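Visitor: Kindly return the folded structure for what I paste below:
(one chain, ligands or ions: 2)
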Amino acid sequence: MEAEYALRISRNVAKAVRKAVAQLSLEQRKKVVGNGVDGSPSKLVDVVAERAALEILLKEKVTILSEEKGFVGEGDTYVALDPIDGTFNAERGIPFYSVSICFSDSESLKDTFFGYVYSLESDEEYFAAEGEAFKNEKMISVSKKDDLTCDAIFYYPTKLLPFKRIRIFGSAALELCYIAEGRFDCFVDVRNMLRVFDVAAGIFIVKCAGGKVTDNNGLPLDNKKIRVGERINIVAANPSLHKKLMELIK
Ligand code: IPD
Ligand code: CA
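Guide: Ligands and ions are numbered 1, 2, ... in the order given. Prediction:
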């Protein structure tokens, strides 16, 4: 599959999810209707968004790992889909949640060729392919800030940290895009909790925007798989700040 085609599909998915979610009241959104693939509760907003996304994606020859349903579809292209990343925000009316879609030529993240994240409330679209990353069609890059008096997204501080600001917004997919565009300088989440569909697209977008993304040991995430149960730790920043972050968290 070509990246251009993946972009077209992703845009259709984003549009469909936005429309479907907008029709739900906050009361409806938070209703628990089952369990996702990793056992965490599925809310109506997750299920409605997933249904809208899969209606489009299942027309393609793709193997999809989606947060609620698990594996569906069949094809050589792998898709990691998070129909709503930031469910807590979506059900409380906090305008920070997204659709996240990652396309890979294999089940491994190293073969990712397209990443897409759409912010469902602010109408901001991020995507990346072939070493370039874009927000609303304009090329983006990570910040140049290279010391620890930076602005950080950090899950969660357990000691006093030297950052200028710390924020935690609640959608890892979108937070990684904030790093890709230099809105924040770094993203750190080493709780061993992030699932592959939460972050696969965001990781690729940060890398294409010139960032370095590794686990808490400084190892690349290329061998991470689009699999149920995969857990990912992330340190993302420009290469120079990344080095300082590794010292800080070790
Ligand atoms: C969550 C978000 C959040 C992260 C959690 C994820 P969900 O995904 O990405 O930022 O801290 O670990 O589970 O459940 O809203 O799709
Ligand atoms: Ca998620």
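
Visitor: in terms of contact, does Asp215 touch Asp222 like I think?
Guide: No - taking contacts as Cβ atoms under 8 Å, Asp215 lies outside contact range of Asp222: 10.8 Å. For glycine as for every other residue, the C-beta is placed from the backbone atoms N, C-alpha and C.

Visitor: quick one: the helix or strand encompassing Ala52 near ligand 2?
Guide: Using DSSP states H and E, Ala52 sits within helix 44-57. No - against ligand 2, helix 44-57 shows no contacts by Cβ under 5 Å from the ion, the least distance being 8.8 Å.

Visitor: Which helix or strand lies directly C-terminal to that helix?
Guide: strand 62-66.

Visitor: Helix 44-57 and that following strand, what's the angle between them?
Guide: Using axes from the mean of the first three to the mean of the last three Cα atoms, to 10 degrees, the inter-axis angle of strand 62-66 relative to helix 44-57 is 180 degrees.

Visitor: by contact count, what packs against strand 62-66?
Guide: Where contact means 3 or more Cβ pairs under 8 Å, 6 or more residues apart in numbering; DSSP states H and E, strand 62-66 is packed against helix 44-57, strand 70-72, strand 77-85, helix 196-208.

Visitor: Residues of the chain that sit close to ligand 2?
Guide: Residues of the chain found near ligand 2 (Cβ under 5 Å from the ion) are 82, 85, 198.

Visitor: Which members of these additionally contact ligand 1?
Guide: 82, 85, 198 (Cβ under 6 Å from any ligand atom).

Visitor: is it possible to export these to a markdown table including neighbour count?
Guide: Converted to a markdown table, those look like this (neighbours: other Cβ atoms under 10 Å):
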| residue | neighbour count |
| --- | --- |
| Asp82 | 33 |
| Asp85 | 32 |
| Asp198 | 24 |
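
Visitor: Tabulate the residues you listed in JSON lines, adding columns for pLDDT.
Guide: Converted to JSON lines, those look like this (pLDDT from 0 to 100):
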{"residue": "Asp82", "pLDDT": "97"}
{"residue": "Asp85", "pLDDT": "97"}
{"residue": "Asp198", "pLDDT": "97"}
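
Visitor: still on that earlier bit, now the helix holding Ala52: buried residues?
Guide: Within helix 44-57, the residues that count as buried by 16 or more other Cβ atoms under 10 Å are 44-50, 52-54, 56-57.

Visitor: next one: stretch 91-103
Guide: So stretch 91-103, judged by 16+ other Cβ under 10 Å, has buried residues 91, 96-103.

Visitor: Filter the residues you listed down to just the ones in strands.
Guide: Among those, the members found in strands (DSSP state E) are 98-103.

Visitor: Between those, which sits nearest Ser143?
Guide: Taking Cβ to Cβ as the measure, Ser143 lies nearest Ser98 of those, at 20.4 Å.

Visitor: and that closest one, what does it touch?
Guide: 82, 84-86, 117-120, 171, 173-174 (Cβ atoms under 8 Å, 6 or more residues apart in numbering).

Visitor: Centre of the chain to stretch 135-149, how far?
Guide: 17 Å (Cα atoms, centre = their mean, to the nearest Å).

Visitor: Can I get it in CSV? Just the C-alpha atoms.
Guide: Provided in CSV are the C-alpha atoms of stretch 135-149 (Å, rounded to 0.1, in the frame of the first residue of the first chain):
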residue,chain,number,x,y,z
LYS,A,135,0.4,19.1,10.8
ASN,A,136,-2.6,20.4,8.8
GLU,A,137,-0.4,19.9,5.6
LYS,A,138,2.5,22.0,6.9
MET,A,139,5.8,20.3,7.7
ILE,A,140,6.7,20.1,11.4
SER,A,141,9.8,19.3,13.4
VAL,A,142,10.7,18.7,17.0
SER,A,143,11.9,21.6,19.2
LYS,A,144,15.6,22.5,19.5
LYS,A,145,15.5,22.9,23.3
ASP,A,146,18.4,20.9,24.5
ASP,A,147,18.5,21.3,28.3
LEU,A,148,16.3,20.0,31.1
THR,A,149,14.6,23.4,31.8
